[in-house]
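K.L.:
predicted model and sequence follow; I will ask about them next.
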Amino acid sequence: ETNNPNENRQTLQQLLTHLLRALERRDPQQLFAWPVTDRIAPNYSRLISKPMDFETIRRSIQSDLYPSLNAFVADFKLMCENAMTYNQPETIYYKAAKRLLHAGLKLTGPEKLKTLLSALP
Ligand SMILES: COc1ccc(OC)c(-c2cc(C(C)=O)n3cccnc23)c1
């Protein structure tokens with residue numbers, strides 16, 4: 001924590017980019033890599049009011065749209081919850097979303113974060 005807001009902003013962006021890469025590694029099939037289209041998922045845009053995917057999250061980090069870690073985690077959770085809303089429980093998408101959500105919450109939980117934050121400048 002410095003009194004220079006610019007430095008804090010860059011540190012937050014570096015942390016979020018690190019977490020994003022760690023989360024993307026948990027999606028080897030890249031089911032969450034890009035926006036879901038109505039072409040591959042009928043009526044998706046009608047059923048899911050706020051779509052979210054890793055590419056959109058990456059752009060938000062780069063455009064400095066996340067003022068905090070919590071805002072980043074909220075979009076990650078939204079992405080997983082959308083998949084558990086649209087897809088039936090027995091589908092690979094639902095199961096992948098459930099696993100990803102749990103892995104992600106562990107990664108951004110207080111215990112793990114303490115380790116991460118202690119490594120920052
Ligand atoms: C089978 O190949 C792909 C490729 C990309 C996808 O989303 C980016 C998806 C995909 C991703 C999803 C999700 C995340 O709900 N989905 C739902 C129904 C049908 N397809 C999908 C599947």
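P.N.:
Good, I have the coordinates. Not measured: the values here are computed from a predicted model.

K.L.:
packing partners of the lowest-mean-pLDDT helix or strand in the chain?
P.N.:
In the chain, the helix or strand scored least confidently by mean pLDDT, DSSP states H and E is helix 110-118, which has a mean of 80. In terms of contacts (3 or more C-beta pairs under 8 Å, 6 or more residues apart in numbering; DSSP states H and E), helix 110-118 is packed against helix 5-24. (Each C-beta comes from the backbone N, C-alpha and C, glycine too.)

K.L.:
mind doing that once more with 7 Å?
P.N.:
Helix 110-118 is packed against no helix or strand, with contacts defined by 3 or more C-beta pairs under 7 Å, 6 or more residues apart in numbering; DSSP states H and E.

K.L.:
residue 51 in helix, strand or coil?
P.N.:
Under DSSP: H, G, I helix; E, B strand; the rest coil, residue 51 falls in the coil class.

K.L.:
that one - how many residues pack around it?
P.N.:
Residue 51: 16 surrounding residues under other C-beta atoms under 10 Å.

K.L.:
hang on, the earlier thing: what residues of the least confident helix or strand of the chain count as buried?
P.N.:
Buried residues in helix 110-118, counted by 16 or more other C-beta atoms under 10 Å: none are found.
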